[in-house]
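Trainee: I would like to see how this sequence folds:
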Amino acid sequence: MNVTQNVVMDLLPVYLSGEASSDTKELVEEFMQQYPEIASAVEAQKREFDSQRDLLEPAGAPSADHELRTLLETRSVIERQKWSMSIALMLTAFPFSFVFNGGHLTFLIVRDQPLLAAASWFGAAILWIQYLIARRRLRVAGL
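Mentor: Next up is the predicted model:
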């Protein structure tokens with residue numbers, strides 16, 4: 001059988017990775033003995049391939065508790081989202097506390113304590129932002 005240089009070059013990736021059968025290894029090595037210039041090129045490729053072998057190693061599997069940690073983190077995000085929304089609703093509505101006095105609607109906190117109302121709305125704004133961030137994080141994760 002006549003083996004050409006192109007056939008050997010096609011077999012080199014399998015040979016260099018160590019996945020070649022014994023017949024293929026024997027064929028490539030015999031060809032390299034007949035053509036020393038090819039052998040030197042193959043050795044250079046082999047050195048380069050060996051230096052990059054760690055790149056070909058499969059990534060490690062997730063740890064055994066990966067799913068549990070992911071579940072706990074997701075629950076934590078949902079819990080924070082729930083509390084952020086409930087407290088933000090309370091702080092948003094709190095300044096609008098009112099009474100009917102003499103047929104008129106009177107907003108107690110906005111009238112009597114405008115700084116307290118502003119602080120309440122500022123806190124509510126921070127909590128709404130935190131709620132929206134948690135919501136986006138869950139949406140990006142596909143939950």
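Trainee: where does pLDDT dip in the chain?
Mentor: Counting by pLDDT under 70, the chain shows low-confidence ranges at 1, 53-60.
Trainee: most remote residue from it's center?
Mentor: Distance from the C-alpha centroid of the chain peaks at Gly102, with 60.3 Å (CA atoms, centre = their mean).
Trainee: could I get the phi/psi values of it?
Mentor: Here is the backbone geometry of Gly102 (degrees, to the nearest 10): phi 60, psi 40.
Trainee: also Phe100?
Mentor: Backbone geometry at Phe100, expressed as degrees, to the nearest 10, gives phi -90, psi 120.
Trainee: how close does it sit to Ala125?
Mentor: To Ala125, Phe100 is 29 Å away according to CB to CB, to the nearest Å. From N, CA and C alone the C-beta is placed, and that goes for glycine too.
Trainee: same deal with Ser97?
Mentor: With CB to CB as the criterion, Ser97 and Ala125 are 19 Å apart.
Trainee: domains in this protein, as residue ranges please.
Mentor: 5-56, 66-140 (automatic domain parsing).
Trainee: and the last one, end to end?
Mentor: Domain 66-140 has an end-to-end distance of 19 Å (CA to CA, to the nearest Å).
Trainee: now that domain, how far from the chain's geometric center?
Mentor: 29 Å (CA atoms, centre = their mean, to the nearest Å).
Trainee: ok, the shortest one next?
Mentor: Chain-centre distance of domain 5-56: 37 Å, with CA atoms, centre = their mean.
Trainee: sounds good, over and out.
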